[in-house]
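**Student:** only the shape, not the letters, is given here:
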């Protein structure tokens with residue numbers, strides 16, 4: 001399977017079959033998770049470069065779990081030694097050996113990252129790892145967030161030539177308040193104070209947005225339906241009690257939708273979607289690209305299902321949010337999108353068809369046809 005993925009990727013066949021990348025094709029064609037798809041492609045590509053590892057894997061002396069372990073440390077110089085370790089050691093022994101390997105500097109410097117994941121029940125988990133320089137900036141921002149959370153007027157504090165609040169100004173403000181404004185006094189926030197610091201930092205950003213409507217996910221939306229239900233479109237698992245508490249304590253944008261999820265229409269008075277339409281579309285499609293298998297939340301463009309130049313209106317019923325990569329697939333004719341009343345049909349090369357019914361998640365249904373297609377099949 002990995003050899004097939006490697007050949008498929010090497011020859012750039014994904015676009016021919018209606019996907020922007022090989023991983024995207026694996027997601028919507030084989031139903032893999034995005035993480036698994038990207039991992040398979042990464043390993044498959046490595047097999048083309050590190051032939052000694054590929055041979056050991058093909059022979060069965062190096063299993064897939066061990067390949068994943070040694071892959072981040074592989075170079076052409078280290079390949080033989082690492083593969084030999086993988087063949088001779090058990091999985092957990094190899095884990096320990098690789099830690100020692102990294103301590104000798106062979107594994108390279110850690111990459112910084114920030115991760116967010118919505119868990120069951122609507123709670124959001126966040127974890128991160130920063131370089132020393134980035135960490136220093138984060139800690140400074142967290143201190144400012146703590147001050148903001150405890151109502152210290154940041155605008156009134158002295159700033160340096162770059163417009164940043166100076167440490168001396170912070171110290172002076174806290175001395176004047178006898179350190180009562182901040183649980184951590186003059187030092188960095190620790191322990192339970194970190195949550196208040198982080199939320200203070202979040203509030204600073206949210207109260208000073210730059211064109212937030214043009215930035216998907218940069219503001220909080222609550223959707224109210226005609227039958228009295230309410231939900232957070234970017235966090236469908238959030239329970240009712242959490243939503244009720246949020247309504248009482250936070251700034252938010254409420255949008256009322258009909259039974260099909262449509263919010264507003266502006267006809268053909270303009271070609272580009274309005275801020276309100278973009279906001280509504282991103283809510284209806286859960287903040288992501290509408291293309292099956294794609295989870296992009298950035299570089300989103302608004303696609304006219306019936307082209308504006310061909311008479312298609314700039315209405316929510318004729319617009320879809322697509323990332324720039326998927327939009328190009330449609331523009332080049334590699335993927336066709338057909339509207340059928342409340343349904344959206346995504347026609348992929350090779351015959352695969354995905355159908356979204358009333359803005360629900362697209363489901364593969366190769367036998368489905370639109371009313372227009374049905375009528376063309378009838379004898380005259």
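**Tutor:** Nice, I can see it. All of these numbers come straight from a predicted model, not from anything done at the bench.
**Student:** every contact and neighbour count from this point should use C-alpha atoms.
**Tutor:** Will do.
**Student:** please parse this protein into its domains.
**Tutor:** The record assigns the chain these domain ranges, following automatic domain parsing: 2-103, 114-208.
**Student:** quick one: residue 204 and residue 146 touch, right?
**Tutor:** No. Look at residue 204 against residue 146 with C-alpha atoms under 8 Å: they stay out of range, at 10.5 Å.
**Student:** what about the two, which has more around it?
**Tutor:** Each of residue 204 and residue 146 has its neighbours counted (other C-alpha atoms under 10 Å); residue 146 has more, 27 against 16.
**Student:** that one - nearest residue in space that isn't next to it in sequence?
**Tutor:** Distances taken as C-alpha to C-alpha, 6 or more residues apart in numbering put residue 197 closest to residue 146, at 3.8 Å, once the chain neighbours are dropped.
**Student:** would you say that neighbour is within a strand?
**Tutor:** No. Looking at residue 197 with DSSP: H, G, I helix; E, B strand; the rest coil, it is helix, so not inside a strand.
**Student:** buried residues in the helix ranked longest in the chain?
**Tutor:** In terms of residue count, the longest helix belonging to the chain (DSSP state H) is helix 132-149. Within helix 132-149, the residues that count as buried by 16 or more other C-alpha atoms under 10 Å are 139, 141-149.
**Student:** which elements pack onto the host helix or strand of residue 200?
**Tutor:** Under DSSP states H and E, the secondary-structure element containing residue 200 is helix 193-206. Contacts of helix 193-206 with other secondary structure elements, assessed using 3 or more C-alpha pairs under 8 Å, 6 or more residues apart in numbering; DSSP states H and E, are made with helix 132-149.
**Student:** so the helix it packs on versus helix 193-206, what angle?
**Tutor:** For helix 132-149 against helix 193-206, the angle between stretch directions is 80 degrees (axes from the mean of the first three to the mean of the last three C-alpha atoms, to 10 degrees).
**Student:** all the helices of the stretch 1-150 of the chain, in order from the start?
**Tutor:** Per DSSP state H, counting those that start in this stretch, the stretch 1-150 of the chain carries helices over the ranges 2-10, 22-30, 34-49, 51-59, 64-70, 79-88, 91-103, 132-149.
**Student:** of those, which is nearest residue 356?
**Tutor:** Judged by C-alpha to C-alpha, the one of these that comes nearest to residue 356 is helix 22-30, at 13.4 Å.
**Student:** could you point out which residue ranges in the stretch 251-380 of the chain have low pLDDT?
**Tutor:** Low-confidence regions of the stretch 251-380 of the chain, defined here as pLDDT under 70, cover residues 251-271, 309, 378-380.
**Student:** who are the contact partners of the residue lying closest to residue 27 once chain neighbours are set aside?
**Tutor:** With sequence-adjacent residues excluded and distances taken as C-alpha to C-alpha, 6+ apart, residue 27 is closest to residue 293, at 5.1 Å. Under the criterion of C-alpha atoms under 8 Å, 6 or more residues apart in numbering, the neighbours of residue 293 are 24-25, 27-28, 31, 34.
**Student:** same check, this time on residue 34
**Tutor:** When contacts are counted by C-alpha under 8 Å, 6+ apart, residue 34 is found next to 23-24, 27, 293.
**Student:** which of these sit farthest apart?
**Tutor:** Comparing every pair within the contacts of residue 34 by C-alpha to C-alpha identifies 23 and 293 as the most remote, at 9.2 Å.
**Student:** still on that earlier bit, quick one, which of the domains of the chain is nearest to residue 281?
**Tutor:** Closest of the domains of the chain to residue 281 is domain 114-208, at 20.8 Å (criterion: C-alpha to C-alpha).
**Student:** could you give the average pLDDT over the closest one?
**Tutor:** In this model, domain 114-208 carries a mean pLDDT of 68.
**Student:** with stretch 39-50 instead?
**Tutor:** Averaging pLDDT along stretch 39-50 gives 94.
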